[in-house]
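Trainee: sequence first, then the predicted structure:
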Amino acid sequence: MRTCSTLLTTGMLFGVLTLALPSRGWGEVGTGVPSDSDLMQQRMLEKAPGFFVIDVPPAGTIIRPVQRVPRDRFGIVGPFPLQLQDLEALVYPDATPEERQALVEGMTFFTEPHTADEGAGLMANQQFCLGCHTSTQQQIRSPGLVSASSCPVPGSTCISLVSRAARTTPTNFEFTKGDATLGGRAADHLDALFDTGMTAAFTIFGDFSPSANFQDPLDGSTMNRVTGHVSQPFGGFVQHTRPSVPACLADRLPTISEDRNLGTIDPVTGLSPLGFRRSVGERAGPPYIGRGLMEAVPNADLLANEDADDTQGHSSSLGNFAASLGCTGDCVSGRHNEIPTNANFISGLGRFGLRANGGEIVQFSVGGLQGELGFTSLINNSEINLPDINMGRPGCMDMVPDPEAHLSVVFSERNFIRNTAPPEFGDTLLRVLTSSDPSRPLPGKSPTARIQRGAMLFGIDLTAFANRMIPGRMSGDDGRDLHAINQADRMLNCVGCHTPVQRTGQSVADVGAQHLSHVWAPIFSDLLLHDGPVIDAERFSPLPRDPLVIRRQSRTQGGNGQGDNSQGDNNDQGGNGRGGNGRGGNGQGQGAPINTFDLPRNLADDVFSNLQAVAKGPEFRTAPLMGLGRMGPPFLHDARVYLTQLTVNTMPASTVTTNSNVTNAPLVVRTLDDAIRAAIELHDLPAPDDGRTPNVPGAGCPVPPGGSNSNVSYGPSPADVICPPYGGAVSQAHRGEAREVIRRFHALSPDDQQALIEFLKQL
């Protein structure tokens with residue numbers, strides 16, 4: 001192994017490709033079938049210009065609904081490592097025996113622990129790939145969700161690559177960042193106030209120059225284009241918080257004083273004399289669902305959805321707030337990430353990774369192999385050489401030859417990720433889609449009517465969606481929107497970023513291409529970059545905000561949500577505050593105040609991989625919503641909206657929520673519904689307080705309490721920063737692209753908000 005700490009799970013890594021096969025005197029991981037030589041020849045063909053450019057299907061091509069795994073089977077797998085029979089719960093139902101066999105090696109490697117004796121790198125972040133995909137193990141039991149407590153397979157927690165990264169608390173960076181003598185501490189302790197906290201998310205960091213829009217990844221090999229010198233050798237931009245070798249301490253963050261880019265920071269500008277500031281953030285492993293479909297979406301279709309200058313508008317019966325929010329069109333201005341030419345992976349249109357700075361799935365495989373486990377491969381032959389003694393830490397001597405993985409592991413794992421299918425929709429949504437007229441509004445408040453209403457609020461043309469999802473409903477062009485967007489009335493306009501349906505062209509997959517090609521795929525993402533809400537004090541802080549405890553009014557558990565796989569809605573709060581007595585939904589009731597960890601509302605950071613391409617700090621790729629209602633929380637790029645058995649009753653996450661009855665009422669994340677509502681709320685900064693803000697603990701703009709010892713200073717008027725008035729300059733500059741969507745969401749009745757949540761739980 002040449003290095004093990006510089007490359008990320010998300011595949012955001014780049015280097016120099018060499019086709020020469022080095023001689024090796026040690027054993028390699030993997031079967032070696034096909035041979036490395038054969039797979040390198042295949043890789044040469046893949047590197048040819050235009051190979052990964054997906055064309056629009058030729059005229060007359062029949063596009064069919066994508067196959068989906070039966071919902072009650074999806075994600076139900078056996079103990080580790082997974083075996084051939086476990087593919088039934090993950091891959092396309094009509095995959096052939098030969099195709100399934102081509103996935104087994106990658107699936108086994110993904111779910112098998114690796115040890116120091118095997119050669120796993122000393123600075124590895126996890127013992128195995130599933131170390132960053134453990135949320136199912138902690139999942140709250142809820143109808144429709146896969147969870148350890150409801151897993152029907154003896155000896156299994158039903159964790160697989162479709163599980164999200166886990167989070168049980170915030171991370172306390174005062175402990176995980178470490179120091180120059182002892183290193184850091186693993187983020188594996190439940191106490192986030194006086195210890196590290198617990199998370200499977202990993203920390204990334206670097207020195208960022210705002211004027212050059214450049215991050216020095218501190219990896220000892222990249223050229224710092226600001227200083228003209230090679231980057232400092234601090235081990236790369238990943239802080240590995242879960243070392244796989246017990247004797248090794250976790251990585252640490254280099255201190256400001258020892259960093260030549262920094263040294264001293266001007267208290268006014270926040271920059272060093274060279275114009276750098278330290279940036280730190282967290283990233284969470286995503287659920288790998290439908291990635292082969294995302295790879296096969298035509299380039300032209302993705303580019304057609306761009307609106308970088310926000311010139312496009314849309315129709316909505318819910319009103320138009322765009323002008324008052326400082327928008328030219330509808331506030332949504334997505335753009336693609338353009339990957340520059342590099343020697344190792346493809347350039348051009350980015351579609352993978354949290355910032356869309358990866359253009360192909362193999363980056364995920366190599367990134368996890370190298371950056372998280374410490375196994376190198378021939379795909380990237382330019383990793384950094386680490387010293388024999390790991391950063392001077394006792395007990396971390398590298399006494400064995402570094403391991404190499406056969407390319408059979410890399411390619412089989414790519415096959416496995418490509419061929420992981422989406423789950424079938426929930427039964428209630430299927431009843432809507434299979435009805436004779438899915439778009440005809442249903443009367444009353446039946447489960448079917450509620451989920452239909454939620455889909456319409458999302459902005460979906462249900463007839464077009466049914467035609468593209470249900471076999472036999474469409475035999476040609478139905479004259480409706482390609483993406484199943486209701487262009488006559490987008491209502492909330494969630495579809496402005498979460499595109500319900502994408503068509504695929506001819507897949508470049510060498511295994512399973514027939515399942516991925518020329519299908520309608522319910523990706524629920526445009527795969528473009530969008531601005532999220534920005535709070536400068538948090539974005540520019542050298543460390544993320546310390547965990548902040550806010551005592552918030554909880555809601556009693558109760559009520560039965562309507563529709564399959566639903567929970568009672570415990571947060572449609574009418575409140576007894578300054579706005580009077582509003583009417584909430586099912587399950588409301590005043591509970592006792594509870595200590596909670598406040599969710600930060602800033603979604604921007606200036607932390608990038610070795611290649612950010614054109615992405616900027618506030619920009620993240622639209623998260624695909626495939627399987628959301630089956631796999632559940634945690635949500636967002638760093639898994640900050642968490643919900644686990646370990647802390648749901650002791651220190652849950654919390655923020656505030658607004659509807660037509662109340663403004664900024666407490667929202668304590670105790671159920672699946674709460675988590676979805678919190679994720680929606682975090683798409684924008686909170687509403688400004690008004691006369692409808694309840695007078696209960698934890699209500700109102702979520703600002704740090706006066707006199708708190710927070711490491712982040714919000715200035716003399718934090719409410720004006722965190723909840724700026726809608727019409728002001730601060731609001732226009734700091735609210736995200738979803739600001740009109742969320743303002744409409746806030747104006748909905750509690751019942752309509754719940755209808756949207758019930759629909760999302762059916763995906």
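Mentor: Here it is on my side, so go on. A quick note: this is a predicted structure, and the numbers were derived from the prediction, not measured.
Trainee: for the rest of this, base every contact and every neighbour count on C-alpha atoms.
Mentor: Will do.
Trainee: so where's this structure uncertain?
Mentor: 1-27, 115-125, 244-247, 381-403, 556-590, 610-611, 707-708 (pLDDT under 70).
Trainee: domain parsing for it?
Mentor: What automatic domain parsing lists as the domains of the chain is 28-55+70-167+358-418, 291-335+423-528, 530-708+717-748.
Trainee: I'd like these as a markdown table, with mean neighbour count and distance to Pro273 appended.
Mentor: Output for those, formatted as a markdown table (neighbours: other C-alpha atoms under 10 Å; distance: least, C-alpha to C-alpha, whole Å):
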| stretch | mean neighbour count | distance to Pro273 |
| --- | --- | --- |
| domain 28-55+70-167+358-418 | 21 | 28 |
| domain 291-335+423-528 | 21 | 33 |
| domain 530-708+717-748 | 22 | 16 |
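Trainee: of all these, which one is nearest Phe234?
Mentor: Nearest to Phe234, of all these, is domain 28-55+70-167+358-418, at 9.0 Å by C-alpha to C-alpha.
Trainee: where do the helices sit along the stretch 551-700 of the chain?
Mentor: Using DSSP state H, counting those that start in this stretch, the helices of the stretch 551-700 of the chain run over residues 628-631, 672-681.
Trainee: what is the last one packed up against?
Mentor: If I follow you right, that is helix 672-681. Judged by 3 or more C-alpha pairs under 8 Å, 6 or more residues apart in numbering; DSSP states H and E, helix 672-681 is in contact with strand 653-657, strand 665-668, helix 750-760.
Trainee: tell me which residue is most central in this protein.
Mentor: Compute the mean C-alpha point of the chain, and by C-alpha atoms, centre = their mean the closest residue is His637, 3.8 Å away.
Trainee: quick check, that one in contact with Gly353.
Mentor: No - counting by C-alpha atoms under 8 Å, His637 does not reach Gly353; the two are 9.9 Å apart.
Trainee: re earlier: show me the one of the domains of the chain that comes nearest Val280.
Mentor: Taking C-alpha to C-alpha, domain 530-708+717-748 is the member of these nearest to Val280, at 5.8 Å.
Trainee: all strands for the stretch 401-550 of the chain, in order.
Mentor: 404-405, 502-503, 519-521, 529-531, 549-555 (DSSP state E, counting those that start in this stretch).
Trainee: distance to Pro666 added to these, as JSON lines?
Mentor: Below are the strands of the stretch 401-550 of the chain laid out as JSON lines (distance: least, C-alpha to C-alpha, whole Å):
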{"stretch": "strand 404-405", "distance to Pro666": "50"}
{"stretch": "strand 502-503", "distance to Pro666": "37"}
{"stretch": "strand 519-521", "distance to Pro666": "37"}
{"stretch": "strand 529-531", "distance to Pro666": "26"}
{"stretch": "strand 549-555", "distance to Pro666": "6"}
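Trainee: to Ser142, which of those strands lies closest?
Mentor: Short answer: strand 549-555, nearest of the strands of the stretch 401-550 of the chain by C-alpha to C-alpha, at 17.4 Å.
Trainee: same for the closest one, what does it pack against?
Mentor: Judged by 3+ C-alpha pairs under 8 Å, 6+ apart, strand 549-555 is in contact with strand 590-598, strand 665-668.
Trainee: by how many degrees do that strand and strand 590-598 diverge?
Mentor: Put simply, strand 549-555 runs at 150 degrees to strand 590-598, going by axes from the mean of the first three to the mean of the last three C-alpha atoms, to 10 degrees.
Trainee: before we move on, the earlier item: got CSV for the helices and strands packed on strand 549-555, with distance to Cys497 too?
Mentor: Below are these laid out as CSV (distance: least, C-alpha to C-alpha, whole Å):
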stretch, distance to Cys497
strand 590-598, 27
strand 665-668, 25
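Trainee: the nearest residue to Ala488 once chain neighbours are set aside in helix, strand or coil?
Mentor: Spatial nearest neighbour of Ala488, excluding adjacent residues (C-alpha to C-alpha, 6 or more residues apart in numbering): Ser315 at 6.0 Å. Three-state call for Ser315 (DSSP: H, G, I helix; E, B strand; the rest coil): coil.
Trainee: what sits against Ser315?
Mentor: By C-alpha atoms under 8 Å, 6 or more residues apart in numbering, the contact list for Ser315 reads Gln487, Ala488, Asp489, Arg490, Met491.
Trainee: make JSON lines from these and add distance to Phe208 to it.
Mentor: Shown next, in JSON lines, are these (distance: C-alpha to C-alpha, whole Å):
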{"residue": "Gln487", "distance to Phe208": "41"}
{"residue": "Ala488", "distance to Phe208": "44"}
{"residue": "Asp489", "distance to Phe208": "42"}
{"residue": "Arg490", "distance to Phe208": "39"}
{"residue": "Met491", "distance to Phe208": "39"}
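Trainee: and the residues you listed, which is closest to Lys616?
Mentor: Arg490 (28.2 Å).
Trainee: doesn't Ile460 make contact with the closest one?
Mentor: Yes - counting by C-alpha under 8 Å, Arg490 does reach Ile460; the two are 7.2 Å apart.
Trainee: intersection of neighbour lists for those two?
Mentor: With C-alpha under 8 Å, 6+ apart, Arg490 and Ile460 have no common neighbours.
Trainee: how about the helices and strands packed on helix 672-681 in a markdown table, adding distance to Val495?
Mentor: Formatted as a markdown table, the helices and strands packed on helix 672-681 follow (distance: least, C-alpha to C-alpha, whole Å):
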| stretch | distance to Val495 |
| --- | --- |
| strand 653-657 | 21 |
| strand 665-668 | 25 |
| helix 750-760 | 13 |
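Trainee: for Phe425, find the nearest of those.
Mentor: Of all these, helix 750-760 comes closest under C-alpha to C-alpha, at 10.0 Å.
Trainee: tell me how far the longest helix anywhere in the chain is from the chain's mean position?
Mentor: The helix spanning the most residues in the chain, taking DSSP state H as the definition, is helix 97-110. Distance of helix 97-110 from its chain centroid, counting by C-alpha atoms, centre = their mean, to the nearest Å, is 25 Å.
Trainee: just after that helix, pick out the following helix or strand.
Mentor: helix 135-138 (DSSP states H and E).
Trainee: which elements pack onto that next one?
Mentor: For helix 135-138, there are no packing partners by 3+ C-alpha pairs under 8 Å, 6+ apart, so no helix or strand.
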